[in-house]
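Engineer: Okay, here's the prediction I keep looking at, along with the sequence it came from:
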Amino acid sequence: MADYLILIPLLPLVAAIINLLLGRTVTRGKAHLVSVPAVAGSWFVSLLVLRDIWNTEHAIEQKLFTWIPSGSFNVPVNLYADQLTAVMLMVVTSVGLLVHIYSIGYMHGDGAYYRFFAYLPLFVFSMLMLVLADNYMIVFFFWEAVGLCSFLLIGYYYKRRSAGNAAKKAFIVNRVGDLGFGLGVIMIFWTFGTVNFWGPEGVFARVGDFGQTTITVIALLLFTGAIGKSAQFPLHVWLPDAMEGPTPVSALIHAATMVTAGIYLVARSNALFQASTTAMLVVTCIGLFTAVMGASIAITQNDIKRIVAYSTVSQLGFMAFALGTGAWMAAIFHLMTHAFFKGLLFLGCGSVIHGMHEEQDIQKMGNLRKYMPVTFLTFLIGSLANAGIFPLAGFWSKDEIIVGAWISTVFPNFGKVVTVLAFAAAFMTAFYMFRLVFKVFFGKENFDTEHVHPHESPKTMTGPLVILAVATILIGFVGFPPEDGKFHHFIGTVFESHAGEATHAMASVAVHNDGGALAVMAEEGEHGGHHVSLAMTITFGVISSVVAIGGIFLAYLYYIRRSLSAEATAARFNGLYNFLYNRWGFDTLYQERIVAPLMRLAYFLWQVIDVKVIDGTVNGIAKGTLSASQTLRKVQTGVVSNYALAIALGMVVIIGIYLVGFSSLDVPFLR
Amino acid sequence: MDSFPILSLTAYAPLIGALLIFFVPAFQGEKAKAVALLASLVSLALSVLLLVDFEKNAEFQYVEHVEWLSGVGASYHLGIDGMALLLIALTTVISTIAIVWSWDTVQSRPREYFIALLVLETGMLGVFMALDLFVFYIFWEVMLIPMALLIGVWGSANRVYAAIKFFLYTLAGSLLMLVGIVATYQDYYQQTGVRTLNVLELQQGVYGSTFQIVVFGAFFVAFAVKVPMFPFHTWLPDAHVEAPTAASVILAAVMLKMGGYGLLRFNLPLFPDGSEKWAPYIVVLSIIAILYGAFVALVQPDMKKLVAYSSVSHMGFVTLGIFVNIAAHSVDNLHGFNGAMAVMLAHGFNTAALFLIIGVIYERAHTRQIAAFGGLARSMPIYAAFFAYFMFASIGLPGLSGFIGEFLVTLGTWEYNKLAAIITFSIVIFSAWYMMWMFQRVVLGRAKGEMPDPHDGALDAEEKAMLAAHGDGHGHGHGHGHAMPAVSGGSHDHDDHHGADGVVEYPDMTKKELWTLIPLAVLTLAVGVYPKMVFDYVAPTFERILAPFLG
């Protein structure tokens, strides 16, 4: 059955190939007519797959061919869709389709329209293959492929030096993570003898057979890849720069889908991570730090896309520490809701930038709600969701993450610290989000109204905004009631199925934790189980809401009522402000401490080792023989037969010498 | 086809073409290249026939064995296994492409040029077919001369230095190998009383441990120069920079492979003990070469030198793969061999393509300095696409050929030494760095003489001043296709390439240029997606070679 699984990645691939090969001559300005239906088809088939899995509760498989057959290292290309994959398929194809439609308007009139509509489905193909893969090697394959698409799309406006820089930076920084991921795959192979996920001989079923240290190292190597792709500290520096790409790209690749590949990888490998507390602790710490850092930077930035980009960094941090604290389902839930509301926010940014004629500085905007009502309203919904306001999507998932940390059985005490810091990040999130909303859509026009006439975007752009806004309002309810919704029942099996197989006691406890209600029961058992869980959820919901509203209110005081002065605050805490404004100094640090020394090393190797030492020696020998070769040169007639004869003669002579003399030589040190 | 000398025919078809051009007056002048192309196509067709007909086992096939100089023990002895066959196919493909490329790019002495190319092809094919050390050595030397001539006669400014350096380096290695051949011959005679230069017989011999270590070294230096391994590599950048494009292509794609081939064909089977003793040191040297080549490539101002140093890096994977297998002593570990073979093919496709790509722009601008270019994507979009494609193939993007081999070699290395594998695999960062930086400076950004994009976030003071002077406003669109005001002056002295607005523009790729790159693009994709077709040919060969090391 299920031979239609291949259609999901195949349709976008075909569209990409058509536009790559025929774009310049045939499809040109009509390139979207190829790509949009292809992605729509892919979305529809994904829906069928979701329905099948929902009904049968069984994964769907389709075997294709063998990619690498090297002795025991055998890498098949098979498609495999379970509940987690189905969720990812829906996220990728839904947001992907809307971004494709949006791009018809946004990219209209672009000189290389077809190129855009070739890269975009190529990305969708790669991302779909990544989540459909049934072994680590194929995940790595498409991990790199989405990196390629990211490079191509960040550098889309190739004439800008900053775009070229950003594309290169994104790829190379990601490759630092890929180094870890690749080595992780290699170590998995030498440990398990296979890279396949499933089956009795697969990796997940046999985690318990190997030592704690081995599993920890493997998990951390895989997580290194996730750090790169999901823009976690210390490899987060590429993501804000990636905003050089066209805005629909930022929405699809650098907010909704590709950057969540790292989260997906860890979630997919939950059997490995559950078996290592150390790995879980690292994931938690990195994620938490990233969440706080990203939010703090977002507060001070003035480029509309960069603010949302740092917001993405921060939200990915939320997902990461959710994984680390064992709240697997909450992480995936947030991945899903974030894809919709962050996609919405980026497309909203694009609409603003479009309407403002390529202006990205929020200090030069203001009062745009008057000119762009649809963009304003949808952006507001996205912002409320990102801030975590009831009952929008972001509220449910973020709240679940925070509760998950509090009741974490992986780190019962540390989990409380995580919760407190998560609230701090959530407060900053609400603040920066509404700083943005107030400065862009409220107040008075901070631009030259004579020359700049903001306008609402065309229907192909506002349409997807409205659809995403509706999704942002509704999608949270698939997770209702909290920790016990349809979403949890559907996806829960992915994280439970290893309970019996993992031998470590810790692991099985962690599984209870992501069972949500179950975990709360274990934790609060004496108070009566599930009801307490609900009470607790409500308590946390209230705290979350207070924190979010507090952040929004503070932004209101600063930017609407102006009873507080942002300038004065920045001046008062000058050092901190500059620290945040300069993004914690990471770019400078890397430039000075890593890039520059490596460049100096490269020059040294070239100019000293290569030119002076090696070539110096060679030329010295050559000079000695030069006079000899000047003489010998006259023998060279250019006739090949002469050379052949000379070589043959030379050989005979040497053989002769050897036969006569060499055999009688007695060289002691060779004995 | 037992009696049909298909190997000889494949090898000598180019030589026959060369002789026709040389002796038949009608084939001199314009017709010379047609004869050359035809001759190389015959070889190509025959090698395809071989690929189809070959039985995928460990046996040497299509063996031709003719008595010749039997007093010395030499005989005319050809035969191929899967490894040789793939390299033969690579040779015929690359040679044909080189001839097509040279169709309209050779101005001086075209007749001699095509003769040199054809003799070179015969030499290379012979090297991969020879099963007799005498025959092997003749082909090995035959190949050296036309290549030195191609560099020395048709090269650029500093060609004589480069040609002599190439010749001497290689000759020094060859002479050591000759001594090694004679020593082996003699030792085998003392063991058995039989005088033979037949490789298959010689490898039945039992050589003393010290003898193996020393004679292994003699062969090894010859092949290490060819690969080229650090620190025997400094001839390569000079040779590439001076060589005409077609010679660079052949040099990189085929001749470097002879190093790897020689090690697998001679060093390992003849001297298993020597191999084991040397393996750890060669592994270390290979890893140095991988990183060293990448680092030195990073700071090269000349595109050809950059790719030349990248070759040192990539070829480090070949020697690493071969010897890490030996060093690891693992029954399971064929990954290094398989990887080495995949790297040889991938490097053959990708580096050949990169040299062609550099050739395309050299034909237009007559310089290869990275600093002389910028924004080529503007006037040469198809060129930019091919450049990007082969850049990614070269830096090991899965799905294109470069990835398979380097990953498998690292996989094999991990079993031997984890730290070595980690250092080796860090190449994924550095290869991306040097290639992308070049790509960015040459293909992306502004064309020479083009006004900066007003949305460019990284304008320098000079550019801002220029913008202000011309008063370019913030227009519609998304930062693309702005009609920039004309700017006078622009870059250096290629006035003939200045467009109406003072921007340096070059015509995009010609049909001929496309047809040299398309086959390579298809091959690199095919091997990248379905490497099974490579491993099916070579796995039996490698099992045979590895067998003595597992006893």
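Structural biologist: Happy to help now that I have it.
Engineer: wait, residue A:554 sits on residue A:431?
Structural biologist: Yes: taking CB atoms under 8 Å as the contact criterion, residue A:554 and residue A:431 are neighbours in contact, 5.5 Å apart. Just so you know, the C-beta spots here come from the backbone N, C-alpha and C atoms, and that holds for glycine as well.
Engineer: who's more crowded, the two?
Structural biologist: Counting neighbours by other CB atoms under 10 Å in any protein chain shown for residue A:554 and for residue A:431 shows that residue A:431 has the greater number, 23 against 17.
Engineer: From residue A:130, how far off is the residue nearest the centre of chain A?
Structural biologist: For chain A, the residue sitting closest to the mean C-alpha position, by CA atoms, centre = their mean, is residue A:259 at 1.9 Å. Here residue A:259 is placed at a distance of 12 Å from residue A:130 (CB to CB, to the nearest Å).
Engineer: Run through the residues that contact residue B:274.
Structural biologist: By CB atoms under 8 Å, 6 or more residues apart in numbering or on different chains, the contact list for residue B:274 reads B:209, B:212-217, B:267.
Engineer: circling back: thought the residue nearest to the centre of chain A was touching residue A:311?
Structural biologist: No: the pair formed by residue A:259 and residue A:311 falls short of the contact definition of CB under 8 Å, at 11.9 Å.
Engineer: how about the residues of the stretch 351-500 of chain A near chain B?
Structural biologist: With the criterion set to CB under 8 Å from any CB of the partner chain, the stretch 351-500 of chain A comes near chain B through A:357-359.
Engineer: Inside helices: which ones of those?
Structural biologist: Per DSSP state H, helices hold no members of those.
Engineer: what about stretch B:393-401, average pLDDT?
Structural biologist: Looking at stretch B:393-401 alone, the average pLDDT works out to 94.
Engineer: Output that stretch in CSV with nothing but the alpha carbons.
Structural biologist: C-alpha atoms of stretch B:393-401 as CSV (Å, rounded to 0.1, in the frame of the first residue of the first chain):
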residue,chain,number,x,y,z
ALA,B,393,29.8,19.0,-6.1
SER,B,394,33.4,19.8,-5.1
ILE,B,395,32.6,20.7,-1.5
GLY,B,396,30.8,17.4,-0.9
LEU,B,397,27.1,18.1,-1.2
PRO,B,398,25.3,14.8,-0.9
GLY,B,399,23.7,13.8,-4.2
LEU,B,400,26.6,15.0,-6.2
SER,B,401,29.7,12.8,-6.5
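Engineer: Now do the buried residues in it.
Structural biologist: B:393-401 (16 or more other CB atoms under 10 Å in any protein chain shown).
Engineer: Show me what stretch B:6-16 is in contact with.
Structural biologist: By CB under 8 Å, 6+ apart, the list of residues contacting stretch B:6-16 from outside reads B:36, B:39-40, B:42-43, B:46-47, B:49-50, B:62, B:64, B:78-80, B:88, B:92, B:95, B:117-119, B:121-122, B:125-126, B:129.
Engineer: If you count neighbours, what's buried in that stretch?
Structural biologist: B:6-8, B:10-15.
Engineer: Just the closest of these to chain A, please.
Structural biologist: For those, the minimum distance to chain A (CB to the nearest CB) is 9.1 Å, reached by residue B:15.
Engineer: Could you check how far the closest one is from residue B:243?
Structural biologist: The gap separating residue B:15 from residue B:243 is 22 Å, by CB to CB.
Engineer: again with residue B:149
Structural biologist: Separation of residue B:149 from residue B:243 (CB to CB): 11 Å.
Engineer: Compare these two (neighbour count), which wins?
Structural biologist: The neighbour count for residue B:149 versus residue B:243, taken as other CB under 10 Å, is higher for residue B:243 (28 against 22).
Engineer: who's in contact with the more buried one?
Structural biologist: The neighbourhood of residue B:243, defined by CB under 8 Å, 6+ apart, consists of B:150-151, B:154-155, B:159, B:162, B:251.
Engineer: can you redo these as JSON lines with neighbour count and secondary structure?
Structural biologist: Listed next are the contacts of residue B:243 as JSON lines, based on neighbours: other CB atoms under 10 Å in any protein chain shown; DSSP: H, G, I helix; E, B strand; the rest coil:
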{"residue": "B:150", "neighbour count": "28", "secondary structure": "helix"}
{"residue": "B:151", "neighbour count": "29", "secondary structure": "helix"}
{"residue": "B:154", "neighbour count": "24", "secondary structure": "helix"}
{"residue": "B:155", "neighbour count": "23", "secondary structure": "coil"}
{"residue": "B:159", "neighbour count": "20", "secondary structure": "helix"}
{"residue": "B:162", "neighbour count": "24", "secondary structure": "helix"}
{"residue": "B:251", "neighbour count": "24", "secondary structure": "helix"}
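Engineer: Could you single out the nearest of the residues you listed to residue A:197?
Structural biologist: Checking these against residue A:197 by CB to CB gives residue B:251 as the nearest, at 44.4 Å.
Engineer: which residues sit in contact with the closest one?
Structural biologist: With contact taken as CB under 8 Å, 6+ apart, residue B:251 is in contact with B:147, B:239-240, B:243.
Engineer: again, but for residue A:588
Structural biologist: The contact partners of residue A:588, taken as CB under 8 Å, 6+ apart, are residue A:582.
Engineer: In terms of helices and strands, where is it?
Structural biologist: Counting by DSSP states H and E, the secondary-structure element that holds residue A:588 is helix A:586-590.
Engineer: List the buried residues for that helix?
Structural biologist: Buried positions in helix A:586-590, judged by neighbour count with 16+ other CB under 10 Å: A:586, A:590.
Engineer: Over to stretch B:78-86?
Structural biologist: For stretch B:78-86, the buried set under the neighbour-count rule, 16+ other CB under 10 Å, comprises B:78-86.
Engineer: Quick one: those as a markdown table, columns for distance to residue A:414 and secondary structure too.
Structural biologist: Conversion of the buried residues of stretch B:78-86 to a markdown table gives the following (distance: CB to CB, whole Å; DSSP: H, G, I helix; E, B strand; the rest coil):
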| residue | distance to residue A:414 | secondary structure |
| --- | --- | --- |
| B:78 | 71 | strand |
| B:79 | 68 | strand |
| B:80 | 64 | strand |
| B:81 | 61 | coil |
| B:82 | 57 | helix |
| B:83 | 56 | helix |
| B:84 | 62 | helix |
| B:85 | 61 | helix |
| B:86 | 56 | helix |
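Engineer: could you dump these to CSV with pLDDT and distance to residue A:379?
Structural biologist: What follows is those, written out as CSV (pLDDT from 0 to 100; distance: CB to CB, whole Å):
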residue, pLDDT, distance to residue A:379
B:78, 94, 74
B:79, 94, 73
B:80, 95, 68
B:81, 93, 66
B:82, 94, 62
B:83, 95, 62
B:84, 96, 65
B:85, 96, 63
B:86, 96, 58
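Engineer: Can you name the two of those residues that sit furthest apart?
Structural biologist: Distance extremes for the buried residues of stretch B:78-86: the farthest pair is B:78 and B:86 at 16.3 Å, using CB to CB.
Engineer: Apart from its chain neighbours, what residue comes closest to residue 241?
Structural biologist: As the question left the chain open, I've gone with chain A. On the basis of CB to CB, 6 or more residues apart in numbering or on different chains, the spatially nearest residue to residue A:241 that is not a chain neighbour turns out to be residue A:166, at 4.0 Å.
Engineer: ah, no, chain B please
Structural biologist: With CB to CB, 6+ apart as the criterion, residue B:241 has its nearest non-adjacent residue at 4.9 Å, and that residue is residue B:304.
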